[in-house]
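Asks: From the sequence below, what's the structure:
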Amino acid sequence: MTYLRKTFSSICLVFILIFISFSIFAADKPVPEREYPFSLGEKLDSRNSALTGIALNKLGYDLFNQGISEHLPSWSIAWIEPAWSVFWTFNLTMWPHDYGHWARANQAGGDFVIEKYRFPFPVARMDVPDDVTYLQETLMAAGGFEINSLMRNHTERRFFETGYRDAEDMVHSFIQTLLFPMYTILIAPTNPDKVSTWEDTYGDPVDITKQVFENYSGRPSIRADNTVDPQLVKLYREFFWINIATVLLDPMLYKSATVFAMDMRQRPRVTQPWLYQTTAFSWAYTTRFNPGALGYEVYLTQHIRVMDHYFSVYARLGRPFKNRGVGVYLTELWRQGRFSLDTSADIWDQDLFGRGGMVMVSPHYRLNQSVQLFLDVHWKDDGYVIGHRLERGLGVLLGSIFYW
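Replies: The predicted model follows:
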């Protein structure tokens with residue numbers, strides 16, 4: 001704890017010095033439109049990869065539209081631009097995904113090693129330590145999807161905070177939402193009734209389901225008569241169908257899909273996130289699916305704007321382990337000049353961990369037209385939260401948003 005306090009104090013001091021040093025160059029100008037978020041936190045913090053993935057995805061589009069396309073014959077752009085976009089967005093979905101595996105593996109004392117780049121999927125191996133627990137091994141498999149959930153969540157939240165998102169962000173979000181069903185249907189289709197499916201554990205959804213089932217039931221996946229435990233087959237199908245239902249009920253998916261009718265070379269934006277809107281009150285909901293340490297979990301989030309103040313409230317329900325929780329996120333709880341303060345609070349009741357909670361405060365400072373700095377400081381109890389360590393402790397993340 002002493003080390004954490006010293007680290008926290010040092011980071012805060014650096015943050016304040018940056019404010020003082022740069023504030024004299026700041027200028028009050030209209031807020032620009034395009035955002036590029038980055039963060040610097042503890043190296044195994046999954047949020048680093050999530051924010052960087054969003055920024056690099058957008059920069060990839062900029063590279064083509066503001067650089068490469070100028071040197072191509074005009075007739076070829078209509079063919080090359082979609083191919084570039086698919087290639088770039090897919091890579092900026094899968095490489096952050098693989099970073100999630102690496103982070104969770106190293107937290108458990110193992111490793112996730114990329115042995116060879118290969119499109120669409122690199123050749124990789126998971127080094128599992130001998131003393132790994134079921135929870136740790138489940139997270140090693142689920143860590144990739146956690147990153148996808150974090151990227152989707154960031155874009156969703158900013159969509160409702162600002163009232164718009166750049167089309168590139170919405171395409172990226174669309175892919176994050178669909179990655180789990182794409183994995184089960186296209187990338188790693190399997191027959192859950194076959195013994196070989198659970199012996200080879202090909203594909204993250206299979207591996208996650210197997211680890212969760214064996215931890216929850218205390219039984220092996222393959223029975224003594226060399227057949228698959230029928231409860232495991234049932235759980236895998238439950239994962240699949242709950243995910244499909246969550247995706248199809250999500251208005252954000254359909255909002256994101258509208259970008260495919262847009263000309264990306266014009267750098268369009270998606271606007272009007274609300275399902276109900278007046279000058280004084282706006283409301284919408286979103287649904288989100290995440291496979292984690294305790295099984296799958298479904299989030300139902302209510303997004304609300306009262307006058308100019310946005311906040312969101314979510315409820316979480318998961319299976320097969322009990323996993324119930326609620327949380328609230330408030331933007332600009334306090335604002336003074338260039339400073340503002342966001343905050344959030346979460347509480348849960350989870351099997352294996354019991355009741356717990358997490359509190360976050362996030363001060364922001366606008367340096368000038370082009371740069372905003374933010375600090376994310378949170379304290380959490382033992383328990384599972386997407387992208388965070390399972391253990392109780394303090395977390396600190398220093399970040400920046402660059403504007404163009």
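Asks: Relative to the whole chain's centre, how far out is the helix or strand Ser312 falls within?
Replies: Take DSSP states H and E as the rule and Ser312 turns out to sit in strand 309-320. Between the centre of strand 309-320 and the centre of its chain there are 15 Å (Cα atoms, centre = their mean, to the nearest Å).
Asks: swap in stretch 133-144?
Replies: With Cα atoms, centre = their mean, you get 16 Å for stretch 133-144.
Asks: and that stretch, which residues are buried?
Replies: Residues of stretch 133-144 classed as buried by neighbour count (16 or more other Cβ atoms under 10 Å): Tyr134, Leu135, Gln136, Glu137, Thr138, Leu139, Met140, Ala141, Ala142, Gly143, Gly144. Every C-beta, even on glycine, is put in place using the N, C-alpha and C of the backbone.
Asks: With stretch 302-318 instead?
Replies: Of all the residues in stretch 302-318, those buried under the rule 16+ other Cβ under 10 Å are His303, Ile304, Arg305, Tyr310, Phe311, Ser312, Tyr314, Arg316, Gly318.
Asks: Show me what the second one is bridged to.
Replies: For Ile304, the beta-bridge assignment (DSSP bridges) gives partners Trp283, Phe311.
Asks: Relative to Tyr329, how far out is it?
Replies: To Tyr329, Ile304 is 11 Å away according to Cβ to Cβ, to the nearest Å.
Asks: before we move on, the earlier item: between the buried residues of stretch 133-144, which sits nearest Phe112?
Replies: Within the buried residues of stretch 133-144, the smallest distance to Phe112 is 7.4 Å, found for Met140 (Cβ to Cβ).
Asks: pretty sure the closest one is touching Ala105, no?
Replies: Yes: between Met140 and Ala105 there is a contact at 4.8 Å, judged by Cβ atoms under 8 Å.
Asks: overlap in contacts of these two?
Replies: Phe112, Met126, Val128 (Cβ atoms under 8 Å, 6 or more residues apart in numbering).
Asks: Highest neighbour count among these?
Replies: Highest neighbour count within the shared contacts of Met140 and Ala105: Phe112, with 21 neighbours (other Cβ atoms under 10 Å).
Asks: And that residue, which helix or strand is it part of?
Replies: Assigned by DSSP H and E, Phe112 belongs to strand 111-116.
Asks: Over to Gly399?
Replies: strand 393-403.
Asks: what's that strand packed up against?
Replies: helix 2-23, strand 35-41, helix 46-66, strand 371-380 (3 or more Cβ pairs under 8 Å, 6 or more residues apart in numbering; DSSP states H and E).
Asks: Lowest average confidence across the ones you listed, which one?
Replies: Lowest mean pLDDT within the helices and strands packed on strand 393-403: helix 2-23, at a mean of 41.
Asks: Outside of the strand holding Ser312 itself, list whatever touches it.
Replies: Strand 309-320 is contacted by residues 157, 160-161, 212-213, 216, 235, 238, 292, 294-304, 323-332, 348 when judged by Cβ under 8 Å, 6+ apart.
Asks: Tell me which residues are up against the following helix or strand past it.
Replies: Per DSSP H and E, the first helix or strand lying C-terminal to strand 309-320 is strand 323-336. With Cβ under 8 Å, 6+ apart as the test, strand 323-336 has contacts from 157, 161, 292, 294-295, 297, 309-318, 340-351, 384.
Asks: what helices or strands is whatever helix or strand comes next after strand 323-336 leaning on?
Replies: Sequence order places strand 339-350 as the next helix or strand after strand 323-336, per DSSP H and E. The helices and strands touching strand 339-350, judged by 3+ Cβ pairs under 8 Å, 6+ apart, are strand 323-336, strand 354-366.
Asks: hmm, try it at 10 Å
Replies: Secondary-structure packing of strand 339-350 (3 or more Cβ pairs under 10 Å, 6 or more residues apart in numbering; DSSP states H and E): strand 309-320, strand 323-336, strand 354-366, strand 371-380.
Asks: What are the buried residues along stretch 386-398?
Replies: Buried, per 16+ other Cβ under 10 Å, within stretch 386-398: Ile386, Gly387, His388, Arg389, Leu390, Gly395, Val396, Leu397, Leu398.
Asks: got the end-to-end distance for it?
Replies: Start-to-end span of stretch 386-398 (Cα to Cα, to the nearest Å) is 18 Å.
Asks: from the chain's centre, how far out does that stretch sit?
Replies: Chain-centre distance of stretch 386-398: 14 Å, with Cα atoms, centre = their mean.
Asks: now do stretch 45-52
Replies: On Cα atoms, centre = their mean, the centre of stretch 45-52 falls 8 Å from that of its chain.
Asks: How about the contacts made by the spatially most central residue of the chain?
Replies: For the chain, the residue sitting closest to the mean C-alpha position, by Cα atoms, centre = their mean, is Leu150 at 1.2 Å. Contacts of Leu150 were listed using Cβ atoms under 10 Å, 6 or more residues apart in numbering, and they are 46-47, 49-51, 53-54, 96, 100, 176, 290, 386-387.
Asks: give the contact list for the residue nearest to Asn215 when sequence neighbours are not counted.
Replies: Spatial nearest neighbour of Asn215, chain neighbours left out: Tyr134 (3.6 Å); criterion: Cβ to Cβ, 6 or more residues apart in numbering. Residues near Tyr134 by Cβ under 10 Å, 6+ apart: Gln211, Val212, Phe213, Glu214, Asn215, Tyr216, Gly218, Ala293, Leu352.
Asks: about what we covered before: would you point out the most distant pair within the buried residues of stretch 386-398?
Replies: Leu390 and Leu398 (23.0 Å).
Asks: and the helix or strand where Tyr299 lies, how far from the chain's centre?
Replies: If you go by DSSP H and E, Tyr299 is part of strand 295-306. Put simply, strand 295-306 sits 14 Å off its chain's centre (Cα atoms, centre = their mean).
Asks: Any regions of the chain where pLDDT drops low?
Replies: Within the chain, the ranges that satisfy pLDDT under 70 run 1-32.
Asks: Which parts of the stretch 101-250 of the chain are strands?
Replies: Along the stretch 101-250 of the chain, the stretches classed as strands by DSSP state E, counting those that start in this stretch are 111-116, 123-127, 164-166.
Asks: can you put these in a markdown table and add distance to His364?
Replies: Output for the strands of the stretch 101-250 of the chain, formatted as a markdown table (distance: least, Cβ to Cβ, whole Å):
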| stretch | distance to His364 |
| --- | --- |
| strand 111-116 | 33 |
| strand 123-127 | 37 |
| strand 164-166 | 19 |
